[in-house]
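Chemist: attaching a predicted model along with its sequence, questions to come.
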Amino acid sequence: MAKSVEKTRALRKGAWSPEEDQKLTAYIKRYGIWNWAEMAKPAGLQRSGKSCRLRWVNYLRPGIKHGNFTKEEEQTIIDLHEKLGNRWSAIASKLPGRTDNEIKNHWHAHLRKRFKYDLNSLPESEPCQPSNAETDQISSFRIDLPPPNVPRPSILESYGSISFNSLASSSSNHPVKIEEKPNIKVSIGSLDNFKAE
DNA sequence: AAGATAGTCAACCGCACACGC
DNA sequence: TGCGTGTGCGGTTGACTATCT
């Protein structure tokens, strides 16, 4: 399936260009997430499904906080890492807007180093809040009908209402896991179109 | 000013698991 | 029930930037 598809065309690697970001975002806004492996082509991207998913989940998804971790977030990471170990996705699920990749990076870059020198007294650091522009990205979200000749996203058929974050960060095959993700309220238009068709 | 080093973060890789057939 | 496929996850790498010498 996707593997064979991906084998047959040269896939781009490396950093994503703004154009690629725009294409992926526009495609997902319009059609939703139905199959990462098959989405790339109609979206006009020469990327693997994995690459698209990673880019979306870790960077493009609305609600992602970019910027420094607050003291509270750092403490949460420390506490959860003590309980859960290197289960970054589980830790990320407790920190809305933070991705497992970001937490993992932060841990390796900051916290492990801190633990090395001083386990108990974290140095003071100014919390850095994400800009309004970033948080304001969580606004309305419209999903139209899928393009011709592609399967419908089963996730949208199964749920009458859905949080955008759930839609964005999960596969259509694992609806149970979706509910564990932090809820970010958004409005999604045109869901009825799926049912009506 | 230029090279070396350290820090940061996006992205890739490979494995494991869930699911559908 | 086994196999193929898609997705999620954790570890790692590499590019880029900042700072130091």
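Modeler: Received, thanks. Numbers count the residues shown, from 1 in each chain, chains lettered A, B, ... in the order given.
Chemist: where along chain A do the helices fall?
Modeler: A:2-8, A:18-31, A:36-39, A:49-55, A:71-84, A:88-93, A:100-106, A:112-117, A:132-135, A:154-158, A:164-168, A:175-178, A:191-196 (DSSP state H).
Chemist: what is the burial count for residue A:28?
Modeler: 21 (other CB atoms under 10 Å). (Glycine included, C-beta is placed from N, CA and C.)
Chemist: and the gap between it and residue A:67?
Modeler: 23 Å (CB to CB, to the nearest Å).
Chemist: one more: residue A:101?
Modeler: Going from residue A:101 to residue A:67 by CB to CB gives 15 Å.
Chemist: can you read off the pLDDT for the closest residue to residue A:25 other than its chain neighbours?
Modeler: Spatial nearest neighbour of residue A:25, chain neighbours left out: residue A:60 (5.4 Å); criterion: CB to CB, 6 or more residues apart in numbering. For residue A:60, the pLDDT comes out at 87.
Chemist: what pLDDT does residue A:56 get?
Modeler: 90.
Chemist: pretty sure it sits against residue A:24.
Modeler: Yes: if you go by CB atoms under 8 Å, residue A:56 and residue A:24 touch, sitting 6.3 Å apart.
Chemist: among these two, which residue is more densely surrounded?
Modeler: residue A:24 (24 against 21).
Chemist: so who does that one touch?
Modeler: By CB atoms under 8 Å, 6 or more residues apart in numbering, the contact list for residue A:24 reads A:43, A:45, A:52, A:55, A:56, A:60.
Chemist: let's go with 6 Å and repeat that
Modeler: A:43, A:52 (CB atoms under 6 Å, 6 or more residues apart in numbering).
Chemist: got the residues of chain A near DNA strand B?
Modeler: For chain A, the residues in contact with DNA strand B (CB under 7 Å from any atom of the strand) are A:12-16, A:47, A:50-51, A:54-55, A:58-59, A:66, A:68, A:101-102, A:104-106, A:108-110, A:173-174, A:176.
Chemist: weed out the non-buried ones from these.
Modeler: Among the residues of chain A next to DNA strand B, the ones that count as buried by 16 or more other CB atoms under 10 Å are A:16, A:47, A:51, A:54, A:55, A:68, A:102, A:104, A:106, A:110.
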